[in-house]
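Student: fold the following and give me the result.
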Amino acid sequence: MLLLTAAAVLLGRYMARLFFNDRPPAITRALETPVHRLLGVDPKAEETWRGYARDLLLFNGIGVAFLFVLLLLQGFLPLNPAGVPGFAPDLALNTAVSFVTNTNWQAYSGEAAASYLSQMAGFTVQNFLSAATGLAVTVVLIRGLTRRETDRVGCFWVDLTRAVIGVLLPLAIVAALLLASQGVIQNLDPYVQTGDGLQTIAMGPVASQEAIKELGTNGGGFFNANAAHPFENPTPFTNFLEVFMLLLIPAAIPFMFGEAVGDRRQGYILFAVMLALFLGTFTVLYTAELGGNPLLPGTSGIPMEGKEVRFGLAGTALFSTATTATSCGAVDAMHDSLTPLGGLVPLALILLGEVVFGGVGSGFYTLIAFVIIAVFIAGLMIGRTPEYLGKKIGAFEMEMAVVAVLTAGILVLVLSGIALALPAGTSSILNPGPHGLSEIVYAFASMANNNGSAFAGLNAASLFYTLTGSLAMVIGRFVPIVAVLALAGGLAAKKTVPPSFGTLPTHTVPFAVWLVLVILIVGALTFFPIFAMGPIAEHLQMVGGI
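Tutor: Numbering: from 1, shown residues only. Down below sits the predicted model:
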């Protein structure tokens, strides 16, 4: 956390200069200029929030269509040494939507189902573009808070290009080289047969995908075992590095925010909220797993069933917390094997909207929506029109913040209810009772909040889950994005009012505590019945000897 904070401060200040002071490095400027020309974009021409949303949705829609066709036809395309066939249409749709929405939910085994071309031209490309899309939306929201009486919020194509060239690409190159130096493979070799012919060892361009899947909080493994596979995560250093990478950009965004709004204290307090929630949930998960499961006979010492034995309990608990605190979803352990209360932590982190660091951009703009709700409620309590950073919060801004915060939760509840009511949903459950409920809720929570990790124990490749999952991922990603862009447009059009004696200070410790309470209360009111019927009921069964 100390190393992460130091790096995040530096990266946050760099990104503030990149996006808000228009001072990109010379190499970034040289690379983005021909891209603007190719797209026919005037970098100085800005759009309204509606125009920005139109371009964003159009671009991502094209991405879904391209990847869908690529996956259908991969059996006829080059760079396919294993000769894998094309995906089934429903699985191709689910996978295309998954990677474009930054979810990277996988209902297939990577090394057995995807060609090198699909991994590189499809998945890795979308890992960059989906992360850049989330970062661009956060940049627009910050512009909305800092601009006055204007209907212009920026140009999507300029923000997207700068996010890729100025942030993601240079970090990914360094990270890929570090990973390769530790033994993460990077090749286009055919699969290798062992001398006895009993095992096929998959090869591929892994380091390049691994780097951006962590940095972009994408998740999704080149191999089915994900970060528990020694070709993806071979050493304790790579385990540390991958956790560091998936937290880095989300941790840097609050510091970028503080620089951009001209008050570093605002960024510090939001980072402190993220850090407090992260350390608290990690402590709960680690403590629960340290206690183990008394119903597993013949075990002694630290319980390691389902965990990564190379990195120990602490390394596994840290990875599990970090990957669900962010919207990453990469795993180095089987979440299905966690104790009931240990499994409650990643489920709760996802269901809180992944605002504890969150994804690249997506976590922060959801956190700002929570801030606006917190400010609004506080304003009602003292009988004063709420305001944030000099912008008065009206009914429209409050409505958009609520849409951004509650969309994913409503999706989870509705789709989980449908799955439990239909044979097509319950027939995929491999474990009965409270654990089976947790598996269904975790699956829809992961997809609706664009995380991508799985509780396992659920046949997610069935037609019911591929189609409902696709719906959850699209709505869970783009409805909040459009709401946040509308929120940014509404804020940008407002004039700034000077603070007065009645203004609620939002850079103080009391406000940080209030914000944490609002996040937890919203989560508790929405999901406590599910927690009670799932993980908590299972825990009571376990301690009762059932």
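Student: any idea how far Gly489 is from Gln266?
Tutor: 21 Å (CB to CB, to the nearest Å). Every C-beta, even on glycine, is put in place using the N, C-alpha and C of the backbone.
Student: more neighbours, these two?
Tutor: In this view Gly489 and Gln266 are compared by other CB atoms under 10 Å, and Gly489 has more residues nearby, 26 against 21.
Student: show me the contacts for that one.
Tutor: Gly489 sits next to Thr48, Trp49, Arg50, Gly144, Asp151, Val153 when contact means CB atoms under 8 Å, 6 or more residues apart in numbering.
Student: ok, of these, which come out buried?
Tutor: Neighbour-count burial (16 or more other CB atoms under 10 Å) applied to the contacts of Gly489 gives Thr48, Trp49, Gly144, Val153.
Student: quick one: which of the residues you listed sit in strands?
Tutor: Members of the buried ones among the contacts of Gly489 lying in strands (criterion: DSSP state E): none.
Student: specify which member of these is nearest to Ser500.
Tutor: Gly144 (22.1 Å; CB to CB).
Student: show me the contacts for that closest one.
Tutor: The contact partners of Gly144, taken as CB under 8 Å, 6+ apart, are Trp49, Val153, Leu487, Ala488, Gly489, Gly490, Leu491, Ala492.
Student: what about the last one, neighbour count?
Tutor: What it means is Ala492. Around Ala492 there are 24 other residues, counting by other CB under 10 Å.
Student: that one against Ile142, yeah?
Tutor: No. The pair Ala492 / Ile142 is not scored as a contact, 10.4 Å apart, by CB atoms under 8 Å.
Student: host element of the nearest residue to Ile377 once chain neighbours are set aside?
Tutor: In space, and not counting its chain neighbours, Ile377 is closest to Val518: 6.8 Å by CB to CB, 6 or more residues apart in numbering. Assessed by DSSP states H and E, Val518 sits inside helix 509-531.
Student: where do the strands sit along the stretch 51-200 of the chain?
Tutor: 192-193, 200-201 (DSSP state E, counting those that start in this stretch).
Student: please identify the most buried of those.
Tutor: strand 200-201 (a mean of 12; mean count of other CB atoms under 10 Å).
Student: against which helices or strands is it packed?
Tutor: Packing partners of strand 200-201 (3 or more CB pairs under 8 Å, 6 or more residues apart in numbering; DSSP states H and E): strand 192-193.
Student: can you list the strands that the strand it packs on pairs with?
Tutor: Strand 192-193 pairs in its sheet with strand 200-201 (antiparallel), by DSSP bridges.
Student: contacting residues around whatever helix or strand comes next after the partner strand?
Tutor: Using DSSP H and E, the helix or strand that follows strand 200-201 towards the C-terminus is helix 206-215. Contacts of helix 206-215 from elsewhere in the structure, counted by CB under 8 Å, 6+ apart, are 104, 119-120, 123-124, 127-128, 131, 168, 171-173, 175-177, 179-180, 184-186, 218-223, 231-233, 242, 245-246, 248-249, 328, 330, 360.
Student: now stretch 129-138
Tutor: 56, 59-60, 63, 99-102, 154, 156, 159-160, 163-164, 167-168, 212, 215-218, 249, 253, 359-362, 364-365, 481, 484-485.
Student: quick one, which of these are buried?
Tutor: If we count by 16+ other CB under 10 Å, the contacts of stretch 129-138 have these buried: 56, 60, 63, 99-102, 154, 156, 159-160, 163-164, 167-168, 212, 215-218, 249, 253, 359-362, 364-365, 481, 484-485.
Student: in the stretch 251-400 of the chain, where is pLDDT below threshold?
Tutor: For the stretch 251-400 of the chain, residues meeting the criterion pLDDT under 70 lie at 298-301.
Student: now do the chain
Tutor: Using pLDDT under 70, the chain drops low at 298-301.
Student: in it, which helix is the longest?
Tutor: In the chain, taking DSSP state H as the definition, the longest helix is helix 463-492.
Student: distance between it and the chain's centre?
Tutor: Between the centre of helix 463-492 and the centre of its chain there are 13 Å (CA atoms, centre = their mean, to the nearest Å).
Student: sorry, back to before: quick one: which of the contacts of Gly489 sit in helices?
Tutor: The helices, defined by DSSP H, take in Trp49, Arg50, Gly144 from these.
Student: how many residues are close by Thr287?
Tutor: Residues near Thr287, counting by other CB under 10 Å, number 14.
Student: next: Leu178.
Tutor: Leu178: 16 neighbours (other CB under 10 Å).
Student: what's the closest non-adjacent residue to it?
Tutor: Among residues not flanking Leu178 along the chain, Leu241 sits closest, at 6.2 Å (CB to CB, 6+ apart).
Student: separation between Asp6 and Thr283?
Tutor: For the record, residue 6 is Ala, not Asp. 22 Å.
Student: in terms of packing, which of the two has more residues around it?
Tutor: Neighbours were counted for Ala6 and for Thr283 using other CB under 10 Å; Thr283 has more, 13 against 10.
Student: what separates that one from Leu341, distance-wise?
Tutor: For Thr283, the distance to Leu341 - CB to CB - is 12 Å.
Student: show me what contacts the spatially most central residue of the chain?
Tutor: Centroid-nearest residue in the chain: Ser327, 1.8 Å away (criterion: CA atoms, centre = their mean). By CB under 8 Å, 6+ apart, Ser327 lies in contact with 102-103, 217, 219, 354, 358-359, 362-363, 449-452.
Student: out of the residues you listed, which is nearest to Ala227?
Tutor: Distance ranking of these against Ala227, using CB to CB, places Gly219 first at 9.3 Å.
Student: that closest one against Asn104, yeah?
Tutor: Yes. Contact criterion CB under 8 Å: Gly219 and Asn104 qualify, at 4.3 Å.
Student: need the residues touching each of the two.
Tutor: Lys213, Gly329, Gly452.
Student: now the longest helix of the chain: buried residues?
Tutor: So, applying 16+ other CB under 10 Å, buried residues of helix 463-492: 464-466, 468-470, 472-492.
Student: swap in stretch 308-325?
Tutor: Going by neighbour count (16+ other CB under 10 Å), the buried part of stretch 308-325 is 308, 311, 313, 315-325.
Student: which of those fall in helices?
Tutor: For these, the ones inside helices are Leu313, Gly315, Thr316, Ala317, Leu318, Phe319, Ser320, Thr321, Ala322, Thr323, Thr324, Ala325, with DSSP H as the criterion.
Student: which pair in those residues spans the largest distance?
Tutor: Across those, the longest distance by CB to CB is 17.9 Å; it joins Leu313 and Ala325.
Student: which residue ranges form the strands in the stretch 351-500 of the chain?
Tutor: 387-388, 391-392.
Student: the first one: how far from the chain's middle?
Tutor: When you say that, I think you mean strand 387-388. That offset, for strand 387-388, works out to 27 Å (CA atoms, centre = their mean).
Student: what do you get for the last one?
Tutor: Distance, stretch centre to chain centre, for strand 391-392: 29 Å (CA atoms, centre = their mean).
Student: cool, and stretch 48-59?
Tutor: Worked out by CA atoms, centre = their mean, stretch 48-59 lies 21 Å from the chain centre.
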